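# coords please:
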Amino acid sequence: MPDKFMNLRYHVADPVEEGVAGPILRAGLQATGFKLDFSNDESAARSYLGRQLGQDKRLAVRGLSAPSQPEVVPAMRMVSVQEVPKTNTRLVKFEQTQSKIPIFGSLAVVELSADGKRDLVSIDAELAEVGQLSPLANVSPLDAVKSVAEFTGVDPKTIEQVDAPHLTYFFEEEAGIWHLAYFLRNMPAAPKELRDEAASSNWRGHGLGKSPRTLHPLIDYLVDAHSGKVIFYYPAAPMIQTNGEGQMPTRCIGKDENDVNRDFFGRVIGAEFELFDPLRSVATYDLLGSDIARAKLPTRPVTSAAKDFKNSAAVAAHVYATAVNRFYKEVLSRDGIDDKGMTLVSVVNTTYAENEAPPEWHNAVWHNNCMWYGQAKVNGVIRSYARFLDVIAHELTHGVTQYTSNLVYQGQSGALNESFSDIFGVLIKNWFLKKWDSPRDWDWEIGSGLGSGGLPLRDLSNPARTSDPDHMSKFVKTFEDSGGVHTNSNIHNKAAYNLITAKDEKGDYLFSPEDSTVLFYLCLMRLSSQANFSKVPEVLLDTAKTFYAGDAVELKHKTKAIEQAYQDVGIG
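As a prediction, the model looks like this:
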């Protein structure tokens, strides 16, 4: 986090300093000492947070509380409440405000027991001291849009009808100062350097081909509300929408792109079978070689006169998208990408003439609320990218990240965005391959054979294999690729590999695959949007204290392994 952010951490498993009136002292979620009969999660979280702020030694932190009414905490605005079934807790999230204006990147996560008592489990907050910065803008929202237009060289009229700008306080790290800024989201206007980078033959991206998300990206901008100057920008995360369709499922079969017989759920419409799984809200379409930039989705998913589907690309996309949804539901109790049961749409046989001549398009990408799959010649035969489960899981996890921490796609937070997608790409692939009992024989590659010279795109077990850094001493400072997000992500990838494969003195794995999956997922849910590498082990440690509560010996071994996994790559 930027230097101006102050961290506030508390966990019931931590020792309480002598003479400090901690808000609760308990074992196994049974509170003693301070306790109230709270009527809802927000009032409980506010009261705990307010009392913790009020007893902090830092004047700036204490100033955020209201001593006479700790349940108020006027400087904090509630964002969401998320259920965490794996720990039987709830996360109540707040953002900090000043003069009722949100502070960009601030976050306070209050974890409560979900047993009806609403006992405090933990608090983790990133708080700021903005200072005496005027909350009054000197330029209008329209002027901010015009500043972006001038900065990018586009006609202002082409970007006026986008999400309305809103004010925020933003800390500019390079200059070390706070700004009152307009936050403009999803602007269809990219700076020249991003356009040039996307057009370059040296462009790295996800390691595959280019897509409309690359050549025509949506960008988030922060514009100083006093001077009108553009002070920060980064690629916006893709937005995801839900679809409330529903029908009875029907069992279907078919061969996928790897010539493997698959069985899966579809549905029957009239006399035809259709690739729509109403049980898990997965729909698969075929664009029949049309261009992604111009074509509309077909009116119906892929159909077949019999339950045996002959469209191998569609079968692969359907089976693997279902696998991702099943993983998040069965292993992590998450209801789809947005945790609200969204319909997961896949589209096969797509092309993109702006990038390369049809029928090939070397890509698989989450774009415009769908998974789109291109195809390439392999030994003279056209094969769909829908055959790569790890790539699909990687892309879809970007959507999960958006609905949890919403990590800013720039610098270290952007590298974490990429790394968590890689981590879950590997986890989901090995879960599907039924190697879940032990990571001993896992496949740690992302995109096997898709990198240069027949190498994978990335290898979590050995980033140096693809000429990527595996330690903070090798961190790459660059303006390209949003600050090297696809390069520096490998440092955190290596830390994740270290954690997942950590062993005890007997040589046995310390973490089961499910445990390490839950730890990384719960960590992702708790990170702030501008989290850096060093924040991750802090959050993992607090997560472990909740997850392994009640067994002090086991917790000691687990926390030591987490610390060591990150220290070994230079992340403290």
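
# just so I have it, where are all the helices in the stretch 51-200 of the chain?
59-62, 141-152, 192-199 (DSSP state H, counting those that start in this stretch).

# With the chain instead?
Assigned by DSSP state H, the chain shows helices spanning 41-54, 59-62, 141-152, 192-199, 212-215, 312-330, 389-402, 411-432, 481-500, 513-526, 535-547, 552-567.

# would JSON lines of the ones you listed with mean pLDDT and mean neighbour count be doable?
(Each C-beta comes from the backbone N, C-alpha and C, glycine too.) Below are those laid out as JSON lines (pLDDT from 0 to 100; neighbours: other CB atoms under 10 Å):
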{"stretch": "helix 41-54", "mean pLDDT": "90", "mean neighbour count": "22"}
{"stretch": "helix 59-62", "mean pLDDT": "88", "mean neighbour count": "13"}
{"stretch": "helix 141-152", "mean pLDDT": "92", "mean neighbour count": "18"}
{"stretch": "helix 192-199", "mean pLDDT": "75", "mean neighbour count": "14"}
{"stretch": "helix 212-215", "mean pLDDT": "72", "mean neighbour count": "20"}
{"stretch": "helix 312-330", "mean pLDDT": "96", "mean neighbour count": "23"}
{"stretch": "helix 389-402", "mean pLDDT": "93", "mean neighbour count": "25"}
{"stretch": "helix 411-432", "mean pLDDT": "97", "mean neighbour count": "26"}
{"stretch": "helix 481-500", "mean pLDDT": "96", "mean neighbour count": "25"}
{"stretch": "helix 513-526", "mean pLDDT": "96", "mean neighbour count": "22"}
{"stretch": "helix 535-547", "mean pLDDT": "95", "mean neighbour count": "22"}
{"stretch": "helix 552-567", "mean pLDDT": "95", "mean neighbour count": "17"}
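
# of those helices, which approaches Pro298 most closely?
Nearest of the helices of the chain to Pro298, taken as CB to CB: helix 312-330 at 11.4 Å.

# What residues does the closest residue to Val154 other than its chain neighbours make contact with?
Leaving aside its chain neighbours, Val154 sits nearest to Ala189 (4.7 Å; criterion: CB to CB, 6 or more residues apart in numbering). By CB atoms under 8 Å, 6 or more residues apart in numbering, Ala189 lies in contact with 148-149, 152, 154, 158-159, 219.

# coming back round to it: could I get the helices of the chain as TSV with distance to Leu460?
Formatted as TSV, the helices of the chain follow (distance: least, CB to CB, whole Å):
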stretch	distance to Leu460
helix 41-54	36
helix 59-62	38
helix 141-152	36
helix 192-199	26
helix 212-215	24
helix 312-330	17
helix 389-402	10
helix 411-432	6
helix 481-500	5
helix 513-526	12
helix 535-547	15
helix 552-567	12
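
# Nearest to Arg9 among those helices would be which one?
Checking these against Arg9 by CB to CB gives helix 535-547 as the closest, at 6.7 Å.

# Distance check, the residue nearest the centre of the chain against Phe520.
Taking CA atoms, centre = their mean, the centroid of the chain lies closest to Thr401, which sits 1.6 Å from it. In this view, Thr401 and Phe520 are 11 Å apart by CB to CB, to the nearest Å.

# Quickly list the domain ranges of this structure.
5-128, 141-235, 250-387, 411-567 (automatic domain parsing).

# Distance to Ser405 for those - can I get that in CSV?
Converted to CSV, the domains of the chain look like this (distance: least, CB to CB, whole Å):
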stretch, distance to Ser405
domain 5-128, 8
domain 141-235, 15
domain 250-387, 13
domain 411-567, 4
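
# closest to Ala393 out of those domains?
Here domain 411-567 is closest among the domains of the chain (CB to CB), at 3.9 Å.

# show me what contacts Glu142?
Just to correct that, residue 142 is Leu rather than Glu. Leu142 is in contact with Glu160, counting by CB under 8 Å, 6+ apart.

# Would you state the strands of the stretch 201-350 of the chain in chain order?
Assigned by DSSP state E, counting those that start in this stretch, the strands in the stretch 201-350 of the chain fall at 219-224, 230-235, 250-255, 261-269, 272-274, 276-277, 282-286, 303-304, 308-309, 344-348.

# nearest to Asp443, of those?
Ranking the strands of the stretch 201-350 of the chain by proximity to Asp443 (CB to CB) places strand 261-269 first, at 19.3 Å.

# strands paired with the closest one, and their directions?
Each strand paired with strand 261-269, and its direction, by DSSP bridges: strand 250-255 (antiparallel), strand 272-274 (antiparallel).

# give me the low-pLDDT residue ranges for this protein?
1-3, 16-37, 67-71, 161, 198-209, 237-247 (pLDDT under 70).

# change it to 80
Within the chain, the stretches with pLDDT under 80 are 1-4, 15-38, 66-72, 160-163, 193-216, 237-247, 368-369.

# residue farthest from the centroid of it?
Max radial position in the chain (CA atoms, centre = their mean) goes to Ala271, at 40.7 Å.

# Any figure for the gap between Arg289 and Phe388?
In this structure residue 289 is Gly, not Arg. Gly289 is 20 Å from Phe388, by CB to CB.

# and those two? which has more neighbours close in?
Here Gly289 and Phe388 are compared on neighbour count by other CB atoms under 10 Å; more neighbours surround Phe388, at 26 against 14.

# Not counting its neighbours along the chain, what's nearest that one?
Using CB to CB, 6+ apart and skipping residues adjacent in sequence, the residue nearest Phe388 is Gly447, 6.2 Å away.

# Next, count neighbours for that neighbour.
23.

# Let me know whether it touches Asp390 as I believe.
Yes. The pair Gly447 and Asp390 passes the contact test of CB atoms under 8 Å, sitting 6.7 Å apart.

# quick revisit: what is the neighbour count of the closest residue to the residue farthest from the centre of the chain other than its chain neighbours?
Once flanking residues are discounted, Ala271 sits nearest to Ala305: 7.4 Å by CB to CB, 6+ apart. Counted with other CB under 10 Å, residues neighbouring Ala305 total 9.

# Glu173 now?
Neighbours of Glu173 (other CB under 10 Å): 13.

# and it, how far is that from Gln530?
Here Glu173 is placed at a distance of 9 Å from Gln530 (CB to CB).

# Pull the contacting residues for Cys523.
By CB under 8 Å, 6+ apart, the contact set of Cys523 is 536, 539-540, 543.

# among these, which two are most distant?
Top of the distance list for the contacts of Cys523 (CB to CB): Val536 and Thr543, 10.2 Å.

# contacting residues around stretch 435-446?
Residues outside stretch 435-446 that contact it (CB under 8 Å, 6+ apart) are 390-391, 394, 422, 425-426, 429-430, 433, 456-462, 497, 500-501, 509, 513-514.

# Return it as CSV; C-alpha atoms alone will do.
Taking C-alpha atoms only, stretch 435-446 is exported to CSV below (Å, rounded to 0.1, in the frame of the first residue of the first chain):
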residue,chain,number,x,y,z
LYS,A,435,-4.8,-35.0,-8.5
TRP,A,436,-6.4,-33.4,-5.5
ASP,A,437,-5.1,-35.7,-2.8
SER,A,438,-1.5,-34.4,-3.0
PRO,A,439,0.4,-31.8,-5.0
ARG,A,440,3.3,-34.3,-5.4
ASP,A,441,2.4,-35.0,-9.1
TRP,A,442,0.7,-31.7,-10.0
ASP,A,443,1.0,-29.9,-13.3
TRP,A,444,2.2,-26.4,-12.4
GLU,A,445,2.1,-25.0,-16.0
ILE,A,446,-0.2,-22.4,-17.3
